[in-house]
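# Quick one: sequence and predicted model below, then my questions.
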Amino acid sequence: MPETRLKVVLLEKSPHPTAMTATAARTCYSANEPAVIAARWAQRPDDMRRTVNRVRAAGHHSTLEHNIYVFGISGLSRAATHQLVRHRHLQFDQQSQRYMAFKDADFPYIKPRRLTALPEMSARFDRLMREIGETYQALLAAGLPSEDARFVLPNAAASQLIVSGNARAWYEFLTLRTCNMAQWEIREMAFEVLRILKREDPVLFADAGATCVRGYCREPDGPRCPRYIAVAKSQLDAAAKAGVWLAERNAAKARRIGQSPSADDES
Ligand SMILES: Cc1cc2nc3c(=O)[nH]c(=O)nc-3n(C[C@H](O)[C@H](O)[C@H](O)COP(=O)(O)OP(=O)(O)OC[C@H]3O[C@@H](n4cnc5c(N)ncnc54)[C@H](O)[C@@H]3O)c2cc1C
């Protein structure tokens, strides 16, 4: 077997994430009980959207934490799952190479797409996977348990896992892993998750993604990234707005001073 492909499926989610976040946000500032607040959003969708946009933009992200999303992910290499499980606010259950032995020499694996430009290397890669699979089967046949036979399996071996997390944890994950600096495979997985979350809850995840989506970049190599142009534009826009604001403020101040009877005394 074979080369296999990434699949990302949303298995479960909280029923009303946008309303839940709006309820959490409003509870902080309202005398009403949470149940009363929650019951009102259906009649006030614009208010709900505004409330969520405001807390999200202000970074009050604890209000996102009340919503859970559970994904089923398959066709991800062990190289990528090793990176994925570094995200400590996500929860994982991963196919075990101890309890699940591959049944024949053709174990599923991921092949980097860049190899398609190098047909000879690509064929060599496939031959090596086959050889590894045969050695793996030989070790099992010789009586080794799969927990030992798996030592020959490569980083390319495909895995599958359930990953759950609250909206804040996914938001943080997407910030790091949809960035162009992230490794291509986990970035593809992150973009799949991003597409699904944006489709499911567009208000909650409106500005989810790498920091450049929100107009800044912390990567030292940022200016070399093709997406950096968006950051530069956003910063120029922000600077232009700040310039207008400053000029208006100075003009208003000058008018106030001119009108103030005590202005001469003060100067
Ligand atoms: C482009 C890229 C390159 C990378 N390269 C490497 C590499 O070469 N080597 C390597 O080992 N890793 C590497 N990583 C992994 C990286 O170091 C993180 O382990 C991973 O991205 C998870 O990020 P996190 O710790 O911020 O996330 P999470 O574990 O999900 O935590 C989210 C946030 O919670 C807070 N938090 C979580 N735990 C704690 C804690 N114990 N104390 C205080 N605050 C906490 C922090 O604010 C943190 O940002 C790389 C990641 C990226 C995106």
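Yes, it's here.
# what residues does the stretch 151-267 of the chain put near the ligand?
Within the stretch 151-267 of the chain, the residues that sit near the ligand (CB under 6 Å from any ligand atom) are 172, 176-177, 181-182. Glycine gets a C-beta too; all of them are placed from N, C-alpha and C.
# how does this structure divide up, domain by domain?
Segmentation of the chain into domains, based on automatic domain parsing, reads 7-92+157-209, 98-152, 224-266.
# Would you mind checking which of the ones you listed scores lowest on average pLDDT?
Least confident of those, judged by mean pLDDT, is domain 224-266 with a mean of 81.
# quick one on the thing from earlier: now, which of the residues of the stretch 151-267 of the chain next to the ligand lie within helices?
If you go by DSSP state H, these have 172, 176-177 in helices.
# elements contacting the helix or strand hosting residue 19?
Assigned by DSSP states H and E, residue 19 falls within helix 17-27. Packing partners of helix 17-27 (3 or more CB pairs under 8 Å, 6 or more residues apart in numbering; DSSP states H and E): helix 34-40, helix 45-58.
# ok so, going back, from the domains of the chain, which stretch is densest packed?
Comparing the domains of the chain by mean neighbour count (mean count of other CB atoms under 10 Å), domain 7-92+157-209 comes out on top with a mean of 17.
# okay, how far is it across that one, tip to tip?
Terminal residues of domain 7-92+157-209 lie 20 Å apart, using CA to CA, to the nearest Å.
# all helices for the stretch 1-150 of the chain, in order.
For the stretch 1-150 of the chain, the helices defined by DSSP state H, counting those that start in this stretch cover 17-27, 34-40, 45-58, 78-84, 119-141, 146-149.
# now the ones you listed in CSV, with distance to residue 95?
As requested, those are exported to CSV (distance: least, CB to CB, whole Å):
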stretch, distance to residue 95
helix 17-27, 28
helix 34-40, 38
helix 45-58, 34
helix 78-84, 9
helix 119-141, 15
helix 146-149, 12
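# For the ligand, find the nearest of those.
Across these, the ligand has its closest neighbour in helix 78-84 (6.5 Å, CB to the nearest ligand atom).
# circling back to that earlier point, where does the helix holding residue 19 sit relative to the chain's centre, distance-wise?
Centroid separation for helix 17-27 versus its chain: 21 Å, with CA atoms, centre = their mean, to the nearest Å.
# Same question for stretch 14-25.
Here stretch 14-25 is found 19 Å from its chain centre; the criterion is CA atoms, centre = their mean.
# about what we covered before: ok, of the ones in helices among the residues of the stretch 151-267 of the chain next to the ligand, which one's closest to residue 111?
residue 177 (20.8 Å; CB to CB).
# what residues are up against the closest one?
When contacts are counted by CB atoms under 8 Å, 6 or more residues apart in numbering, residue 177 touches 83, 186-187, 189-190.
# next one: residue 19
For residue 19, the contacting residues are 38, 41-42, 48, by CB under 8 Å, 6+ apart.
# repeat for residue 81
Neighbouring residues of residue 81 by CB under 8 Å, 6+ apart: 94, 159, 161.
# tell me the strands in the protein, going along the chain?
7-13, 68-77, 91-94, 158-166 (DSSP state E).
# of all the ones you listed, which lies closest to residue 57?
strand 158-166 (18.7 Å).
# How about residues contacting the closest one?
Applying CB under 8 Å, 6+ apart, the external contacts of strand 158-166 come out as 4, 11-12, 64-78, 81, 84, 87, 89-95, 107-110, 173.
# ok, back up a step: identify whichever of the domains of the chain lies nearest to residue 215.
Closest to residue 215 of the domains of the chain, according to CB to CB: domain 224-266, at 3.4 Å.
# how distant is that closest one from the center of its chain?
Centroid separation for domain 224-266 versus its chain: 34 Å, with CA atoms, centre = their mean.
# And for stretch 167-174?
Once both centres are worked out by CA atoms, centre = their mean, stretch 167-174 turns out to sit 5 Å from its chain's centre.
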